[in-house]
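**Q** how does the following fold in three dimensions:
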Amino acid sequence: MSATVSPKVGVIFKSYEPLSSMQAYARQTEASNMNGGFWIAEAYHWFRQYGLEARGCFTTLAAVSMVTEKIPVGLGITSPYMRHPTIQASEAAAIDELSNGRFIMGIGVGKVGIEYLEYDTDVMKPVPVHRESIEIMRKVWSGEEYAYEGKLFKSSMPQYDRAADGLRTEIPIYVGATGPFMQKLSGKESNGMLLAGLTSPAFVRYAIDNMQQGAKAVNRTIPTDFPVGGVILCSCSEDGDKARDATRSYTGTYIVNKIRNIKNDVILAGSGLPDSAWDPFRKAIAEGTQDNVTHLVTDEMMRNFTVISGNPDDCLEITQELVDAGLNLPLLEVVGDDEEDNLETIRLMGEHVVPRLQPGPSAAG
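**A** Here you go, the predicted structure:
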């Protein structure tokens, strides 16, 4: 009989929300017994075109760490292109200390953000960048003396007894993985895999298969409870139509991003909709009207992408579909018209959806 895993549901916000709101959301996440934790996705100055101001992800994580006590605090994700691995490691170590060992580090390409930094990802390819970053961060946290010289990064540090200071010498690293090579890297090197927005059941299964191939290539035995997370747009309300309208514009933004930046046909195909469904979005991109595509997003599109929106029963049905595909760490990207709407979504999901979820298959196969 195949192993099953009880899902852990978390909440995630991009770091463009006011810090006071972030703290309110984190408190509610803990009060609602969301044992998947509270997560931050690093936002970039690019979001100003939507009237949103990015805050530093590590400062935001510090703010939420200080108002929670038990749930994990995660970064999902920051890009290793943004900071040298030693800097990433020291920032992560500080959050882990502040949260009393509750921190989970997440790294991924973050293509929307780094395209403004003039990196040539054909030269600094994502897999080696992430692999070397993981290796260096783990060396830093170990406290052992090391000298590292990779193809892309170089670093050395003397010994420091972190354990004597009550600091963790191992901090889990999850890899944000949109394409097959990064998914295989997750299986080879990471403590968990995080999937991008618009994650459908078909895409979850595709990603897990690639992750398992990566693990097999290095003779790694994947733990039964290996975390497979995904960023899932979410709005829950007793008024189902209101909730669906809340996720509509964000779904349009994600579709445009997948077409223009990510260029991953598997994600779009995972919806089960014909490729022609995306032609109006391609036309909008060509005409420069890609920021005005909300009217193009249908309820069918959101349902096929398992966007979690509707009343609590709707949200339970959609979330369970993702869990049944192997997503054992759904990260709810909560969206609403205001702070109270967002708090309501967290409350309703915690009270009426999460307790009713059934276990799903283990990613270990």
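
**Q** so P126 sits right up against F181, yeah?
**A** Yes. Look at P126 against F181 with Cβ atoms under 8 Å: they come within range, at 7.3 Å. Where you see a C-beta, it was placed from the backbone N, CA and C, and this is true even at glycine.

**Q** give me the more crowded residue out of these two.
**A** Neighbour comparison, P126 and F181: the larger count goes to P126, with 23 against 15 (by other Cβ atoms under 10 Å).

**Q** for that one, which residues are in contact?
**A** Shown in contact with P126 (Cβ atoms under 8 Å, 6 or more residues apart in numbering): V109, F181, M182.

**Q** mutual contacts of P126 and F181, please.
**A** Between them, P126 and F181 share no contacting residue, judged by Cβ under 8 Å, 6+ apart.

**Q** quick check on P361: phi, psi?
**A** phi -70, psi 150 (degrees, to the nearest 10).

**Q** OK, contacts around it?
**A** Going by Cβ under 8 Å, 6+ apart, the list of residues near P361 reads S2, A3, T4, V5, D324, G326.

**Q** residues contacting the residue nearest to A325 when sequence neighbours are not counted?
**A** Closest residue to A325 apart from its sequence neighbours, by Cβ to Cβ, 6 or more residues apart in numbering: P201 at 3.6 Å. Residues in contact with P201 (Cβ under 8 Å, 6+ apart) are G270, T306, E321, L322, D324, A325, L327.

**Q** try N257
**A** V112, G197.

**Q** what's the spacing between it and T294?
**A** Distance, N257 to T294, using Cβ to Cβ, to the nearest Å: 14 Å.

**Q** in this protein, where is pLDDT below threshold?
**A** Residue ranges of the chain with pLDDT under 70: 1, 263-264.

**Q** could you point out the longest strand in it?
**A** If you go by DSSP state E, the chain has its longest strand at strand 228-236.

**Q** neighbouring strands of that strand in the sheet, and parallel or not?
**A** strand 192-195 (parallel), strand 308-310 (parallel), strand 329-334 (parallel) (DSSP bridges).

**Q** skipping adjacent residues, who's closest to the residue most central in space within the chain in space?
**A** Centrality entry for the chain: nearest residue to the mean C-alpha point is G76, 4.1 Å, by Cα atoms, centre = their mean. Counting by Cβ to Cβ, 6+ apart, G106 is the residue found nearest to G76 once chain neighbours are left out, at 4.1 Å.

**Q** so that neighbour, which of the three states?
**A** strand (DSSP: H, G, I helix; E, B strand; the rest coil).

**Q** beta-bridge partners for it, please?
**A** Applying DSSP bridges to G106, the residues it is bridged with are Y174.

**Q** that one contacts M193, correct?
**A** No. Between G106 and M193 there is no contact under Cβ under 8 Å: 9.8 Å.

**Q** shared neighbours, those two?
**A** Residues touching both G106 and M193 (Cβ under 8 Å, 6+ apart) are Y174, V175.

**Q** and V67, what helix or strand is that in?
**A** Assigned by DSSP states H and E, V67 falls within no helix or strand.

**Q** pretty sure C234 contacts T345?
**A** Yes. Using Cβ under 8 Å, C234 is in contact with T345, at 6.1 Å.

**Q** between those two, which has more neighbouring residues?
**A** C234 (30 against 27).

**Q** okay, and the beta partners of the more buried one?
**A** Applying DSSP bridges to C234, the residues it is bridged with are I308, V334.

**Q** who are the contact partners of it?
**A** Taking Cβ under 8 Å, 6+ apart, one finds T247, V307, I308, S309, C315, L332, E333, V334, V335, T345, M349 in contact with C234.

**Q** any chance of these in JSON lines, with distance to Y16 too?
**A** Below are those laid out as JSON lines (distance: Cβ to Cβ, whole Å):
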{"residue": "T247", "distance to Y16": "17"}
{"residue": "V307", "distance to Y16": "20"}
{"residue": "I308", "distance to Y16": "21"}
{"residue": "S309", "distance to Y16": "21"}
{"residue": "C315", "distance to Y16": "24"}
{"residue": "L332", "distance to Y16": "17"}
{"residue": "E333", "distance to Y16": "12"}
{"residue": "V334", "distance to Y16": "13"}
{"residue": "V335", "distance to Y16": "12"}
{"residue": "T345", "distance to Y16": "18"}
{"residue": "M349", "distance to Y16": "22"}
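
**Q** helix, strand, or coil at R131?
**A** Strictly by three-state DSSP, R131 counts as helix.

**Q** if I look at it, how far off is Q88?
**A** Separation of R131 from Q88 (Cβ to Cβ) stands at 14 Å.

**Q** of these two, who's got more company?
**A** The neighbour count for R131 versus Q88, taken as other Cβ under 10 Å, is higher for Q88 (23 against 19).
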